[in-house]
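S.K.: With the sequence up front, the predicted model follows.
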Amino acid sequence: MASEHLGRTLRRLRRLADLTQEELAERSDVSVDVIRQLEQGRKHSARLPTLHALANGLGVELTTLLGDPPAVASGENDGPRFVAVRRAIMPVLWGPLPASTGQDFSLGGLRDRIADGWTQYHAAEFDAVMKALPDLISQARSASVSGGDDEREAGFAALGKALQLGGHVAVRMGKTDLALTSLERAISVAEESADPLLVPMIVNSMAWTYQRQGRLDDALAIALTAADDMRKADHTATADGLKVWGGLTMSAATSAARSGDYDRAAAMMETAEAEAARVSKLPAGSDNRMISVFSPSSVRIERVRLAVQYGHSADALTLAKGMRLSKDTPPSWRTWLLLDVARAHSDIGDALGAVKTLESLRRVAPAWMQHDTLAVAIVRDLWALPNHPPGLRPLAEFLGVAD
């Protein structure tokens, strides 16, 4: 259960934010005694509003405080599969140089496999991604030293996307420092490619990683700088470029909201939503699996998320009402929307609405829901109510929350 490690995570995040228990209590309006009891293991769980307040005080996502899903998180003793990923990101010192690609090698085939890896990542198939990632990075390194200038530039682009994927996997494993190493190396090789959108895409991933570490000012600064640079270079005149700009703008809005500037964040998201309407009017770009997620649907999903995270649950439900998701919306974004809508219903006291939404989530993504710490927290809160709404018991039993 996620609450088993709540105190340890709370203490780590508080120290990372350079806050005393008293300072966190003041920021979050949570009793310092509650914080002490959680960190000392004398209290193993807390109601969702308390956890939400603590996450806001720390400047992190609630899911960061609750812990990553058990299917993703790992302890200090990493398994062999993740060790292989780590070795691929950081090759051994004085190891052999990358070998040239063989005659049977296809750069197009490599790009397709990297795109497949991103599809699996968005579908939360993390084990499959980790299994494939070392070979993808190795082949991309070989491609970056083979052939003529054009082939090598394409190889550098493939290596940048593979290392970016490695950074995302490392974040999901709770290894944010390794993620930053992978992303910094991804930027270095991306600068050797001929793709002007690759560096800002990877910067967006770095901003997300900074957010996970509570470095909100850093995350906001790099996302805004990269977005401004794209405007100056006129890269938003293409569908791909606009998507990358949109991803950076949404990332900046998230950092602003977590820093307490919800109005600024809302203004950024309104701008992003207006710009997202232009994507379909521009010439089609490259493989959507390799480009930042940005569409009217994704912006609205992110607006719902920010609204519910920062206490505007009624606004979140209004934003979500009648939404029609575009066909290119990744499965992970669809599940996030349902989870945020369930949380919004719970926050305003609509237990039945929360249960109905969670039932939809269970139909759409049962495996994801079973491991999602926020879903468990919502159902645990509903289960603590004196009167259980219809349909709650099957959900509670499914998530192991029922007595």
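M.R.: Structure's in. What do you need? Residues are numbered from 1 along each chain as shown.

S.K.: Just want the most central residue of the protein.
M.R.: Trp208 (6.8 Å; Cα atoms, centre = their mean).

S.K.: contacting residues for it?
M.R.: By Cβ atoms under 8 Å, 6 or more residues apart in numbering, the contact list for Trp208 reads 171, 219, 251. The C-beta positions use only the backbone N, C-alpha and C, and glycine is treated the same way.

S.K.: repeat that for 10 Å
M.R.: Neighbouring residues of Trp208 by Cβ atoms under 10 Å, 6 or more residues apart in numbering: 167-168, 171, 176, 179, 183, 219, 223, 247, 251, 254-255.

S.K.: what separates it from Leu107, distance-wise?
M.R.: 28 Å (Cβ to Cβ, to the nearest Å).

S.K.: hmm, back to that, report the secondary structure state of the residue nearest to the centre of the chain.
M.R.: helix (DSSP: H, G, I helix; E, B strand; the rest coil).

S.K.: Check Asp228 too.
M.R.: Asp228 - assigned by three-state DSSP - is helix.

S.K.: how about the nearest residue to Leu224, chain neighbours excluded?
M.R.: Once flanking residues are discounted, Leu224 sits nearest to Ala252: 5.1 Å by Cβ to Cβ, 6 or more residues apart in numbering.

S.K.: With Val376 instead?
M.R.: Leu399 (5.2 Å).

S.K.: tally of neighbours for the residue nearest to Leu224?
M.R.: 26 (other Cβ atoms under 10 Å).

S.K.: Is it in contact with Asp217, as I believe?
M.R.: No. Look at Ala252 against Asp217 with Cβ atoms under 10 Å: they stay out of range, at 11.4 Å.

S.K.: can you tell me which residues contact the residue nearest to Leu224?
M.R.: With Cβ under 10 Å, 6+ apart, Ala252 has these contacts: 204, 207, 219-227, 264-265, 268-269, 272.

S.K.: mind checking which helix or strand it is in?
M.R.: Using DSSP states H and E, the element containing Ala252 is helix 239-258.

S.K.: So which of the contacts of Trp208 is the closest to Ala276?
M.R.: Gly247 (10.6 Å; Cβ to Cβ).

S.K.: what's in contact with stretch 21-36?
M.R.: 7, 10-11, 13-14, 17, 19-20, 37-39, 42-43, 46, 49-59, 260.

S.K.: cool, and stretch 134-142?
M.R.: 81, 83-89, 91, 97-102, 105, 107, 109-111, 113-114, 116-117, 129, 154-163, 165-166, 182, 185, 189.

S.K.: need the helices for the stretch 251-400 of the chain, in chain order.
M.R.: 262-276, 296-309, 313-320, 331-347, 351-364, 366-371, 373-383, 392-398 (DSSP state H, counting those that start in this stretch).

S.K.: for the stretch 151-300 of the chain, which spans come out with low pLDDT?
M.R.: Across the stretch 151-300 of the chain, nothing is flagged by pLDDT under 70.

S.K.: and Gly79, what is it in contact with?
M.R.: Met130.

S.K.: any idea how far it is from His312?
M.R.: 41 Å.

S.K.: before we move on, what about Val129?
M.R.: On the measure of Cβ to Cβ, Val129 and His312 end up 34 Å apart.

S.K.: Between those two, which is the more surrounded one?
M.R.: Val129 (24 against 19).

S.K.: and Thr225, how many neighbours?
M.R.: Neighbours around Thr225, by other Cβ under 10 Å: 15.

S.K.: And the helix or strand harbouring it, what's buried?
M.R.: Taking DSSP H and E as the definition, Thr225 sits inside helix 216-232. Within helix 216-232, the residues scored as buried using 16 or more other Cβ atoms under 10 Å are 216, 218-220, 222-224, 226-227, 229-230.

S.K.: Show me the two of these that sit farthest apart.
M.R.: Leu216 and Met230, at 21.5 Å, using Cβ to Cβ across those.

S.K.: Break this protein into its domains for me.
M.R.: 2-65, 77-195, 213-294, 304-403 (automatic domain parsing).

S.K.: start to end distance for the third one?
M.R.: Think domain 213-294. 24 Å (Cα to Cα, to the nearest Å).

S.K.: count of residues packed around Val83?
M.R.: By other Cβ under 10 Å, neighbour count at Val83 equals 12.

S.K.: Same check on Ala274?
M.R.: For Ala274, using other Cβ under 10 Å, the count is 11.

S.K.: Make 839 the starting number, not 1.
M.R.: All set: I'll call the first residue 839, so the last point we hit is now Ala1112.
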